[in-house]
Structure formats: C-alpha cells, structure tokens
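# only geometry, no sequence info:
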C-alpha cells in the first residue's frame, strides 16, 4: 500500500491508501507494543484533524503494527519521567492542578479527534488492547477485532480513574451499565467473545489479517457512497446519541435543509435507474 504523501512526515503513525478514498492509519511503535507517550497522542490528533478535512479521504481504518498488540495503552515509564504528575513543579495545589488539568484536556482533545473526524473510522484491534485502546476504539464508529484480542480498562491498576474518554463513552457504546462497571472497577481482562456479546465490537475474525481485510472492505464500501450522505449520517448518529429524540429530529431537519441541495441524491437515483456506478464529487 502506498503511503499518502500528505502524512509522510508522521513519526509514530503510517498512513497509507489501500483503496480509493480510504486511508489506513497504523500505530507504528511495535517494539514498544504501540504504547503511547505524549508526542504520539499529539501526532494522532494532528493526523485525524487533517484526515477530517482531506477531500481525498472518505473512510479511515485504524490499526496497530506488529503481531502482539493494538496498543498496551499509556507508556507508563515515559509518563513517570515527565513533570505532569508533579504539576510542572508549581508551588501550590491550585497551580499544580491547573497544569495537570491542561495536560489532561490536551490528551483528551488529541484522542477525541478520532471521534470528531468527519469521516467514518473503523478500528481494528488485536492482541493486547488495554487502557488507551479502549479510549481510542470508543471514539471510532465501528469496532472489529481478531479472536486473540485481550481487552482491559486498565487504569485502576495504575492508581487512577480513566480520564481520556472511556468512562464517558463506553456506557454509550454498550447496553449494560452493570458490565461497564464490572470491567472498569476491576480492570479485569475480557476477550473477543465477551466484547461481541455485550455489543462493544461488531465483528470477530480468526486473525489480525482477516480482521484488517474485513475492515478495509467495509471502508471501501463506505467510501463508494456519497460523502455528503455518509458524513451527514455520522454527524446525525453522534448527535442522536447525545441528545433527545426531539432535539435530534430538529437538528436533522436543519442539517438536511442544506445537505439535500447536493447533486449526490440525483446522481445516486439516476445511477440506480441506469444500473451504473454513481460518481460523487469530492467533499
């Protein structure tokens, strides 16, 4: 797969174009099991903010390099060597708290860029998928995994409450508050079958290559659709998740009052009548 030139400057991620209008983002620190340090999450945020507005991208697949892990989460050794937990050496509690809060918000916004990306994001997990793996995958639109995937909301084991998004997003991604509290309070490991049973993931495949192949095929299918329709659908689904039915219907009416003026609907209808493949302009 050819590397996309616009993203060639990234140090910790590889972004390739395996199919028309599809970007494959690969976490690329396999020697450290794709564990994240600060430079990585900042780079992740920049990459997904660019993908969000890239007219040559209509769907994104996110995976991790190597055979052993999607990501083991935070690089605890790197984090312990920084000055974040000390509050930047500030003299009093309020100033230390301000320093730590800004650091957390920066981290949250970097990972949240995956969710805010206008394009659908399909996350493919395998092997060890701990901590930040849950934060990242909760931000994705579709979650697929290999049968060897081992999940855990690991934060209580390192003395903190998960603060990058899992505790806010995971309860909305599955239907059981009891199960969410079970895995978050205990930090216990759970596997692909359990994740599928509670609805955290939608597909389980025999291996990482099989899971990645399924994700790329799904991304290619999505990318063949009208980008106006696809991006609008993602926006409205996310809005519906966080608002009442009445609020969402009102927002949908406002959104589609603009989106329905696109040429894409006519192109799709005509292609159906002519039995041809529609061509949609870049967005």
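Nice, I can see it. Source: prediction; values computed, not measured.

# what's in contact with the lowest-mean-pLDDT helix or strand in the chain?
Comparing helices and strands within the chain by mean pLDDT, DSSP states H and E singles out helix 76-81 as the least confident, with a mean of 78. When contacts are defined by C-beta atoms under 8 Å, 6 or more residues apart in numbering, helix 76-81 is touched by residues 35, 37-38, 85, 158. Bear in mind the C-beta positions are built from the backbone N, C-alpha and C, glycine included.

# could you redo the last one with a cut-off of 10 Å?
With C-beta atoms under 10 Å, 6 or more residues apart in numbering as the contact definition, helix 76-81 has outside contacts at 32, 35-40, 75, 85, 131, 154, 158.

# Flag every buried residue along that helix.
Burial within helix 76-81, assessed by neighbour count using 16 or more other C-beta atoms under 10 Å, is assigned to no residue.

# what's the offset of that helix from the middle of its chain?
Going by C-alpha atoms, centre = their mean, to the nearest Å, the spacing between the C-alpha centre of helix 76-81 and its chain's C-alpha centre is 24 Å.

# Quote the end-to-end distance of stretch 14-25.
Its start and end residues considered, stretch 14-25 measures 6 Å (C-alpha to C-alpha, to the nearest Å).

# next one: phi and psi at residue 203?
Dihedral angles of residue 203 (phi, psi; degrees, to the nearest 10) stand at phi -150, psi 140.

# In terms of helices and strands, where is the nearest residue to it once chain neighbours are set aside?
In this structure, residue 203 finds its nearest non-sequential neighbour in residue 144, 4.5 Å apart by C-beta to C-beta, 6 or more residues apart in numbering. Under DSSP states H and E, the secondary-structure element containing residue 144 is strand 142-146.

# Looking at the contacts of helix 76-81, which gets the smallest pLDDT?
In terms of pLDDT, the weakest of the contacts of helix 76-81 is residue 85, which scores 66.

# of the contacts of helix 76-81, buried ones?
Of all those considered here, the ones buried according to neighbour count by 16+ other C-beta under 10 Å are 32, 35-38, 40, 75, 131, 154.

# now, among those residues, which is nearest to residue 100?
Proximity of the buried ones among the contacts of helix 76-81 to residue 100 (C-beta to C-beta) peaks at residue 38, which lies at 13.4 Å.

# residues in contact with that closest one?
74-75, 78-79, 82, 84, 103, 106-107, 110.

# Likewise for residue 36?
12, 27, 29, 43-44, 71-75, 78-79, 107, 110-111, 131-133, 135-136, 164.

# Check the gap between residue 283 and residue 230 for me.
From residue 283 across to residue 230, the span is 9 Å (C-beta to C-beta, to the nearest Å).

# On the three-state scheme, the residue nearest to residue 54 when sequence neighbours are not counted is what?
Distances taken as C-beta to C-beta, 6+ apart place residue 6 nearest to residue 54, at 6.7 Å, with adjacent residues excluded. Look at residue 6: counting by DSSP: H, G, I helix; E, B strand; the rest coil, its state is helix.
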